[in-house]
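Undergrad: Have a look; sequence and predicted model below, questions after that.
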Amino acid sequence: MNFATAKQLVESVGHWHHAFEIYPGLTTPGAYDPGFLLDDIGFPADLHGQRVLDIGPSDGFFSLQARRRGAEVVAVDYRPKNSHGFGAMEQITGCDFDYRCCNVYDLNPKDLGTFDHVLFLGILYHLPDMVRALAIVRSLCHGTLYLESHAANDLPTHEAVARYYRQATLANDVTNFWSPNPACIRDMAFDCGFDRVTERTWADRYFGKFQTRDDPERNRKLQWAYGVLP
Ligand SMILES: C[S@@+](CC[C@H](N)C(=O)[O-])C[C@H]1O[C@@H](n2cnc3c(N)ncnc32)[C@H](O)[C@@H]1O
């Protein structure tokens, strides 16, 4: 593909979320440059033979990074891939992805298998039932979870609490529901069978890296609630 066609394709997308160089000398016009998060994620340079699940990929910056390191990538979003930049990204980069237009609440390991790496970036606060979503994510993950979220870093740190946002009161976006504090994110992840490895916060955001923990005793609580954990 030449520069002019790539540019035309970028311009054909109504709204880009990510700003990244999609073609040499051509950057997508998103408001969010996600490049800084790659350092926190710390993907190995070589992901050949590994499976990566990108939940809520939007324009697919992170799916692309995983693919370029050799991973088998499955991307899942409840929006069709041409309603955001993902479809154009595939055409411009020449990378085809296994893209599932699906709600996170409908995912299950029978259809998708399980993954070495699960990217759960910028999505937790969009989900009305955070715990159910994390339990489903756990059922799909046998390795590392990378979780980035809007977070209530201003709430007390010693107890697990979350702020609920009625209608579009968070960022004028009706798809936003919650802002949990770091303790709340950690405790929800713990009950869903994830151990925290590292975390950091900045402004009103949180990033944590978690490892799955096979502990039937711990999983019992969520197994009782939803029946989705092994
Ligand atoms: C803020 S964007 C995050 C994009 C990207 N992961 C990142 O961190 O830059 C949230 C994405 O999650 C998707 N999403 C929100 N709720 C979802 C749900 N219930 N099931 C599947 N996808 C969802 C949206 O369509 C959007 O692509």
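TA: Looks like it arrived, so ask away.
Undergrad: what is the rounded mean pLDDT of stretch 144-160?
TA: Averaged across stretch 144-160, the pLDDT comes to 97.
Undergrad: Stretch 117-125 now?
TA: Stretch 117-125 comes out at a mean pLDDT of 98.
Undergrad: touching the ligand at all, it?
TA: Yes: interface with the ligand: stretch 117-125 contributes 121, 122, 123 (C-beta under 6 Å from any ligand atom). Glycine gets a C-beta too; all of them are placed from N, C-alpha and C.
Undergrad: Return the residues in contact with the last one.
TA: By that I understand residue 123. 55, 56, 104, 133, 149 (C-beta atoms under 8 Å, 6 or more residues apart in numbering).
Undergrad: close enough to count as contact, the third one and residue 134?
TA: Going back to what we said before, that points to residue 104. No: using C-beta atoms under 8 Å, residue 104 is not in contact with residue 134, being 9.9 Å away.
Undergrad: okay, now the residue in the chain positioned nearest to the ligand: neighbour count?
TA: In the chain, the residue that lies nearest the ligand is residue 56 (2.5 Å; C-beta to the nearest ligand atom). Look at residue 56: counted by other C-beta atoms under 10 Å, it has 19 neighbours.
Undergrad: I'd guessed it sits against residue 122; true?
TA: Yes: using C-beta under 8 Å, residue 56 is in contact with residue 122, at 6.4 Å.
Undergrad: joint contacts of those two?
TA: Taking C-beta under 8 Å, 6+ apart as the contact definition, residue 56 and residue 122 share no neighbouring residue.
Undergrad: Just the pLDDT for the closest residue to residue 74 other than its chain neighbours.
TA: Nearest non-adjacent residue to residue 74, counting by C-beta to C-beta, 6 or more residues apart in numbering: residue 98, 4.7 Å away. At residue 98, the predicted lDDT confidence score is 98.
Undergrad: Next: residue 178.
TA: We have a pLDDT of 98 for residue 178.
Undergrad: can you pull the contacts of it?
TA: 124, 125, 127, 128, 130, 162, 163, 164, 165.
Undergrad: change it to 10 Å
TA: Contacts for residue 178 (C-beta atoms under 10 Å, 6 or more residues apart in numbering) come out as 124-130, 149-152, 162-165, 170, 184.
Undergrad: And the buried ones among these, selectable in PyMOL?
TA: Provided next is the PyMOL selection string for whichever of these are buried by 16 or more other C-beta atoms under 10 Å:
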select buried, resi 124+125+126+127+130+149+150+151+152+162+163+165+170+184
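Undergrad: interface residues of the chain facing the ligand?
TA: By C-beta under 6 Å from any ligand atom, the residues of the chain that approach the ligand are 17, 34, 56-58, 77-79, 103-104, 121-123, 126-127, 148.
Undergrad: Can you tell me which of those are classed as buried?
TA: 17, 34, 56-58, 77, 104, 121-123, 126-127, 148.
Undergrad: Mind checking which of those residues are in strands?
TA: Those of these mapping onto strands are 77, 121, 148, per DSSP state E.
Undergrad: Sketch out the low-pLDDT regions of the protein for me.
TA: For the chain, applying pLDDT under 70 flags the ranges 229-230.
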